[in-house]
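Enquirer: here is the input, now give the coordinates:
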Amino acid sequence: MKYSIKKQFAGVLCLLMIGTIILCWFINNTFLEDYYIRNKQTVLMNTYNYMNLASNEGQISTEEFDIEFQKICGRNNISFILLDAETHTLKTSEDDRERLSRRLLDNLFDNVNYDNINVLEKGSNYEIRITLDDRTKTEYMEMWGVLDNGHLFLFQNPIESIKESVKLANRFLAYVGVIAAVLGAITGMWVSGKIARPIMELTQISERMIHLDFDAKYSGNSKTEIALLGHNINELSYTLEKTISELKTANNELQRDIERKNEIDEMRKEFLSNVSHELKTPIALIQGYAEGLKEGINDDAESREFYCDVIMDESAKMNLMVKKLLTLNQLEFGNDAVTMERFDVVSLIQNYIHSAEILTRQKEISVRMQAYEPIYVWADEFKTEEVFMNYFSNAINYVLYEKIIDVKLHKLENKVRISVFNTGNPIPEESLEHLWEKFYKVDKARTREYGGSGIGLSIVKAIMESMGQEYGVINYDNGVEFWFELEMA
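Expert: This is a model prediction of the structure:
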């Protein structure tokens, strides 16, 4: 495989080892010498403190001090000399006391070449420096100064050995790194092969499952995560096989249900079309006779007036129902094309509320709507007005108590939600799912009272689904809110 996990795992492991070794080499090469020097500086400082303490306590001439001090100097490769105030040698670590004594006196009387000196630390009674010996061209770290009792001292520690140790350590690390990288690559290939083998087996099983072959099963018996994955794939294979069998059975039944549903839908649409057509002629006749009665056919004027008003009122209701049925029929058949256009929905709502002001004023309804900036949407403007008109008409007809209708617009990312809330009784929970069905009426007596047909919300449903947008209703303790959404432009 081009992107084999085996090669990737081995490569990552090898690169990780090489990177670690290179990092260690870089740190050694950059900081190890400085670390050694700081460590030697600390050793010299501790040696000075030990000698100064022994001098103050009068133990500097004891055999115990000599033994311990020789151990310190031998362990840390320190050469030293101790002079009294008259520059007589009291103690030294080597036979060449003249060289150390001369060096100490040169430091004391400032008879040194400062071009070859790098001062590391300077105290009131001592100084620690790195210096180059002019004769041997050897670098030393030396500490010199005066003890509390007035004795002069000089410690020297060669640092050429430090540089050689750093070079040797880096060279050894490079050799070890090469060997470790080779061994790491071999180990990585072996380990990655062990890991990749069951993964390849699972890959082959999943490939067979793609072709709906569920007979392949993972047979590994380890207790790793891969074995758990293999067990889950076996369970998945069994579940998929069972589910596909059930889906095929359900698909056959669903196909028959769809065919039956299509037949019922055709019958329902044909019924609506026939009802709409059949009601047109009697409605027109009722209106004609009502107008004739109103012109004076009956002798009793008051009776004629009453019956005429009833006939005309009923005919108007039937005529409105027919128009709504025709509109709904066209929407459901898809004959009424949706014209998507860009318009200001705020202006549309404000204009409609203004046109319905006479109705709200007659019923003493308080209509609330904040001042909104123009909000442009993509929708069918005529159908959007139809949806809002149905919501607002329902609110007028069902408003109670405080008689408040609250119209709100709320932006939701790339959509705007328009809602119409009216105070009154909440809709019973069992009626919420039936609200959008044709001819469904929650309160039949009240619907009859204001002349409702039970078709308005069905038209809302058909319009919103034709535009592919959401709609709905929310119950509150003090009223009901209907809402719909449009895509913002």
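
Enquirer: which residues in the stretch 151-300 of the chain form strands?
Expert: 152-158 (DSSP state E, counting those that start in this stretch).

Enquirer: show me where it has helices.
Expert: 160-210, 225-294 (DSSP state H, counting those that start in this stretch).

Enquirer: and the shortest one, what does it pack onto?
Expert: Helices and strands in packing contact with helix 160-210 are listed as helix 5-27, helix 33-56, helix 225-294; criterion 3 or more Cβ pairs under 8 Å, 6 or more residues apart in numbering; DSSP states H and E. Every C-beta, even on glycine, is put in place using the N, C-alpha and C of the backbone.

Enquirer: what mean pLDDT does that helix have?
Expert: The average pLDDT for helix 160-210 rounds to 74.

Enquirer: try the last one
Expert: When pLDDT is averaged over helix 225-294, the result is 71.

Enquirer: follow-up on the earlier one: distance to residue 440 added to the helices of the stretch 151-300 of the chain, as TSV?
Expert: Shown next, in TSV, are the helices of the stretch 151-300 of the chain (distance: least, Cβ to Cβ, whole Å):
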stretch	distance to residue 440
helix 160-210	48
helix 225-294	14
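
Enquirer: thinking again about what came up before, export the helices and strands packed on helix 160-210 to CSV and tack on distance to residue 105 and mean neighbour count?
Expert: Listed next are the helices and strands packed on helix 160-210 as CSV, based on distance: least, Cβ to Cβ, whole Å; neighbours: other Cβ atoms under 10 Å:
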stretch, distance to residue 105, mean neighbour count
helix 5-27, 41, 15
helix 33-56, 19, 16
helix 225-294, 75, 13
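
Enquirer: which of these sits closest to residue 338?
Expert: Smallest distance to residue 338 across these (Cβ to Cβ): 18.6 Å, for helix 225-294.

Enquirer: sorry, back to before: closest one to residue 126 among the helices and strands packed on helix 160-210?
Expert: Judged by Cβ to Cβ, the one of the helices and strands packed on helix 160-210 that comes nearest to residue 126 is helix 33-56, at 6.1 Å.

Enquirer: in whatever helix or strand comes next after that closest one, what counts as buried?
Expert: Later in the chain than helix 33-56, the nearest helix or strand by DSSP states H and E is helix 63-76. The neighbour-count check on helix 63-76 (16 or more other Cβ atoms under 10 Å) flags 65, 69, 73 as buried.

Enquirer: leaving out the residues flanking it, which one is nearest to residue 406?
Expert: Nearest residue to residue 406, sequence neighbours excluded (Cβ to Cβ, 6 or more residues apart in numbering): residue 421, at 4.3 Å.

Enquirer: check which helix or strand the one you found maps to.
Expert: Applying DSSP H and E as the criterion places residue 421 in strand 415-423.

Enquirer: also residue 342?
Expert: strand 341-344.

Enquirer: what lies in contact with that strand?
Expert: For strand 341-344, the surrounding residues in contact (Cβ atoms under 8 Å, 6 or more residues apart in numbering) are 374, 375, 376, 377, 378, 379, 380, 381, 489.

Enquirer: related to what we said a few turns ago, so which of the helices of the stretch 151-300 of the chain comes closest to residue 83?
Expert: Nearest to residue 83, of the helices of the stretch 151-300 of the chain and by Cβ to Cβ, is helix 160-210 at 26.3 Å.

Enquirer: kindly format the C-alpha coordinates of the strand holding residue 342 as CSV.
Expert: Extracted C-alpha coordinates of strand 341-344, given in CSV (Å, rounded to 0.1, in the frame of the first residue of the first chain):
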residue,chain,number,x,y,z
GLU,A,341,-38.4,37.5,-5.6
ARG,A,342,-36.5,39.9,-3.3
PHE,A,343,-38.7,42.2,-1.2
ASP,A,344,-38.9,43.9,2.2
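
Enquirer: which SSE is immediately downstream of that strand?
Expert: helix 345-355.

Enquirer: give me the buried positions along that next one.
Expert: Here helix 345-355 shows 345, 346, 348, 349, 353 as buried, counting by 16+ other Cβ under 10 Å.

Enquirer: helices or strands up against it?
Expert: Checked by 3+ Cβ pairs under 8 Å, 6+ apart, helix 345-355 has strand 366-369, strand 376-379, helix 381-398, strand 404-412, strand 415-423 packed alongside it.

Enquirer: switch those over to a markdown table; also include distance to residue 464.
Expert: Below are the helices and strands packed on helix 345-355 laid out as a markdown table (distance: least, Cβ to Cβ, whole Å):
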| stretch | distance to residue 464 |
| --- | --- |
| strand 366-369 | 21 |
| strand 376-379 | 10 |
| helix 381-398 | 7 |
| strand 404-412 | 15 |
| strand 415-423 | 11 |
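
Enquirer: wait, which of the ones you listed is closest to residue 54?
Expert: Nearest of the helices and strands packed on helix 345-355 (Cβ to Cβ): strand 404-412, 85.5 Å.

Enquirer: tell me the buried residues in the strand holding residue 421?
Expert: For strand 415-423, by 16+ other Cβ under 10 Å, it's 416, 417, 418, 419, 420, 421, 422, 423.

Enquirer: wait, which of those residues is closest to residue 244?
Expert: residue 417 (41.0 Å).

Enquirer: for that closest one, give me its contacts.
Expert: Per Cβ under 8 Å, 6+ apart, neighbours of residue 417: 409, 410, 411, 483, 484, 485.

Enquirer: find the centremost residue of the protein, please.
Expert: residue 413 (17.9 Å; Cα atoms, centre = their mean).

Enquirer: which phi and psi does that one have?
Expert: Residue 413 adopts backbone torsions of phi 50, psi -110, taken as degrees, to the nearest 10.

Enquirer: what strands line up against the strand holding residue 421, and which way round?
Expert: strand 404-412 (antiparallel), strand 479-488 (antiparallel) (DSSP bridges).

Enquirer: and it, how far out from the chain middle?
Expert: Using Cα atoms, centre = their mean, to the nearest Å, the mean C-alpha position of strand 415-423 is found 31 Å from that of the whole chain.
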